[in-house]
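[1] coords below, sequence missing:
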């Protein structure tokens, strides 16, 4: 039975009677919270420009019922607001926020003053930071707390360096404009959500508690998930991914945060889909067009191209017939029954092509699909009302393909933010672009509405390249290599890590000790510190 109000626990969680204290203790007295007032406040919150066009499958009162009585706030919420404002400026100006995957506190603290966002990659975490302590490829088979754990580590690093620079600014009288901004919002890799809807909600909660401003979820099946640049990817139905996005949004609403949800699709280069239940997917599922085809001989049909989507099967037998009505159904992503009815009206029922999508199914029961940009557009337009950004994983870096995707999405959702993976899996030198075109690539994408762009594994590759070069040099030349390759370069470039004691926050901790000890504590950065040599 629902009541009109619930009790919000006070500061100590005790009532006056249970505390044993005499006299008035208003700070200990639980205060009533009106469900109706809180639901009304949520409804007003949902009217912010931030949530314009956002669709929810639940009511504000249902959110209140799931919140509990303790009111909590999260640093992640401030970061999500900052991220949304940044992306909105980018959208309005044709600009973009570009970043890359951070591996550790050194990288993230170096990135933050120069970049407007931070990325945390599941691939990098899988290979370098699994909470099982066993590295592996990007199959999302690591424990589900792996990426949230990395978010927690790096967000704590950002907050620490913010405190370090804040203390220095207070001590030296630096103005706000002179102080580096370390509090840059983090977007993290949620893979497929690591399970069903409750797993997605739990994962979202972990990310928010850890400090993530945004989370991306992809439309692969969890049991077969693999890196978007591997083969044999298996998708889930469009509706299933909508439910994932709604579950993540619900969890953010429960926690009262403006967390950005990024919907990624791998349909541009996937091979299979788990089910054919969603009509929006049915026009992209492949079927046998040969009545004599059997599952035993399906490999030959695959090689010969005899497997076709239903729209292509109809086009192949049209013989010049007017397919206008049929194409209208296809464009609207009508299901197989609608497409058959439209094809019959255009061609005649006796001229419909043979089409059997059961024959090509795999031994796991997966249906085969016809991947491509058009499939990605279909999925992205279905997810846009439930996501802040949409992202198509691609096989090559091509401005024309990015423009096609942007045009398709913006034709339906003109204000939709877009994201792009500037993947190191691409061979950029083999992409057919000049150096000037590669350098202008991110700006070209920004003009198309790709407001957030990121190199997933740049942290991994720069780390590997740097240690590869130094290891070889040190093995050959000893300290000559260190001095020449590292310390001199740090001095030349003004790298903050040159004075590593200061970078680590020794001055901040000195202040903490001295403040706690009334100014009588010894200073770790006093006389005798070797960093005076620099």
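    The structure has been received and is ready for your questions. Just so we're clear, the structure is a prediction, and the values are computed from it rather than from any experiment.
[2] Can you get me a residue count around residue 144?
    Neighbours of residue 144 under the rule other C-beta atoms under 10 Å: 18. The way it works is simple: take the backbone N, C-alpha and C, and place the C-beta from them, glycine included.
[3] nope, residue 328 is what I was after
    Neighbour count for residue 328, taken as other C-beta under 10 Å: 11.
[4] Disregarding flanking residues, what is the spatial nearest neighbour of it?
    residue 342 (7.5 Å; C-beta to C-beta, 6 or more residues apart in numbering).
[5] What's the separation between that neighbour and residue 324?
    Distance, residue 342 to residue 324, using C-beta to C-beta, to the nearest Å: 10 Å.
[6] who touches the residue nearest to residue 460 when sequence neighbours are not counted in this structure?
    Nearest non-adjacent residue to residue 460, counting by C-beta to C-beta, 6+ apart: residue 124, 5.0 Å away. Contacts of residue 124 were listed using C-beta atoms under 8 Å, 6 or more residues apart in numbering, and they are 101, 103, 456-457, 459-460.
[7] how about a cut-off of 6 Å?
    101, 103, 457, 460 (C-beta atoms under 6 Å, 6 or more residues apart in numbering).
[8] circling back: have a look at residue 342 and residue 324 and say which one is more surrounded.
    Just comparing residue 342 and residue 324: by other C-beta under 10 Å the higher neighbour count belongs to residue 342, 20 against 9.
[9] how close does the more buried one get to residue 281?
    On the measure of C-beta to C-beta, residue 342 and residue 281 end up 17 Å apart.
[10] Kindly report the same for residue 190.
    22 Å.
[11] repeat for residue 463
    Taking C-beta to C-beta, one finds residue 463 at 39 Å from residue 281.
[12] And for residue 145?
    32 Å.
[13] More neighbours: which of these two?
    In this view residue 145 and residue 281 are compared by other C-beta under 10 Å, and residue 281 has more residues nearby, 26 against 16.
[14] name the element the more buried one belongs to?
    In this assignment (DSSP states H and E), residue 281 forms part of helix 279-282.
[15] in stretch 379-396, what's buried?
    379-394 (16 or more other C-beta atoms under 10 Å).
[16] now for the contacts of residue 124, which pair is the farthest apart?
    103 and 457 (9.3 Å; C-beta to C-beta).
[17] Tally up the residues packed near residue 365, please.
    Residue 365 - counted by other C-beta under 10 Å - has 10 other residues nearby.
[18] quick one, phi psi at it?
    Residue 365 adopts backbone torsions of phi 100, psi 10, taken as degrees, to the nearest 10.
[19] Now do the contacts for the nearest residue to residue 424 once chain neighbours are set aside.
    Nearest residue to residue 424, sequence neighbours excluded (C-beta to C-beta, 6+ apart): residue 457, at 4.9 Å. By C-beta under 6 Å, 6+ apart, the contact list for residue 457 reads 101, 123-124, 424.
[20] Is it possible to get JSON lines of these that adds pLDDT?
    JSON lines is the format used below for these (pLDDT from 0 to 100):
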{"residue": "101", "pLDDT": "97"}
{"residue": "123", "pLDDT": "88"}
{"residue": "124", "pLDDT": "93"}
{"residue": "424", "pLDDT": "91"}
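[21] From those, which land in strands?
    Counting by DSSP state E, no part of these is found in strands.
[22] Which of those sits closest to residue 265?
    Distances from residue 265 to the contacts of residue 457, taken by C-beta to C-beta, are shortest for residue 123, at 17.4 Å.
[23] so what's that closest one up against?
    Residue 123 makes contact with 138, 227, 457, according to C-beta under 6 Å, 6+ apart.
[24] Same list, those residues, but as CSV with distance to residue 119 and pLDDT please.
    Listed next are the contacts of residue 123 as CSV, based on distance: C-beta to C-beta, whole Å; pLDDT from 0 to 100:
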residue, distance to residue 119, pLDDT
138, 14, 75
227, 15, 77
457, 10, 95
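[25] quick one: which of these is nearest residue 170?
    Nearest member of those to residue 170, counting by C-beta to C-beta, is residue 457, at 37.9 Å.
[26] Next up, the contacts around the closest residue to residue 353 other than its chain neighbours.
    Of all residues not flanking residue 353 in the chain, residue 313 sits nearest, at 4.2 Å (C-beta to C-beta, 6+ apart). Taking C-beta under 6 Å, 6+ apart as the criterion, residue 313 is in contact with 289, 353, 355.
[27] Most neighbours among those residues, which one is it?
    Among those, residue 355 has the most neighbours (other C-beta under 10 Å), with 22 neighbours.
[28] Can you give me the neighbour number for residue 113?
    Applying other C-beta under 10 Å, I find that residue 113 has 14 neighbouring residues.
[29] So the nearest residue to it once chain neighbours are set aside versus residue 271, what's the distance?
    Spatially, and ignoring its direct neighbours in sequence, residue 113 is nearest to residue 180 (4.0 Å; C-beta to C-beta, 6+ apart). As judged by C-beta to C-beta, residue 180 and residue 271 stand 46 Å apart.
[30] Same question for residue 83.
    To residue 271, residue 83 is 34 Å away according to C-beta to C-beta.
[31] Have a look at those two and say which one is more surrounded.
    residue 83 (27 against 16).
[32] Name the SS class of residue 232, please.
    coil (DSSP: H, G, I helix; E, B strand; the rest coil).
[33] I'd guessed it sits against residue 271; true?
    Yes. Shown here, residue 232 and residue 271 form a contact pair, counting by C-beta atoms under 6 Å, at 5.4 Å.
[34] which helix is the longest one in this protein?
    helix 146-172 (DSSP state H).
[35] Who are the packing partners of that helix?
    Secondary structure elements in contact with helix 146-172, counted by 3 or more C-beta pairs under 6 Å, 6 or more residues apart in numbering; DSSP states H and E, are helix 105-111, helix 122-128, strand 186-189, helix 197-210.
[36] chain center to the next helix-or-strand element following the first one: distance?
    Okay, so that is helix 105-111. Where DSSP H and E defines the elements, the next helix or strand beyond helix 105-111 is strand 118-120. Strand 118-120 sits 9 Å away from the centroid of its parent chain (C-alpha atoms, centre = their mean, to the nearest Å).
[37] for stretch 55-64, same thing?
    23 Å.
[38] how long is it end to end?
    18 Å (C-alpha to C-alpha, to the nearest Å).
[39] and what of stretch 51-71?
    22 Å.
[40] Tell me which residue is most central in the protein.
    Centroid-nearest residue in the chain: residue 216, 2.4 Å away (criterion: C-alpha atoms, centre = their mean).
[41] and it, what is it in contact with?
    Counted by C-beta under 6 Å, 6+ apart, residue 216 has contacts 190, 262, 264.
[42] now the residues you listed in CSV, with neighbour count, pLDDT and distance to residue 171?
    CSV is the format used below for the contacts of residue 216 (neighbours: other C-beta atoms under 10 Å; pLDDT from 0 to 100; distance: C-beta to C-beta, whole Å):
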residue, neighbour count, pLDDT, distance to residue 171
190, 28, 97, 40
262, 24, 98, 39
264, 28, 96, 44
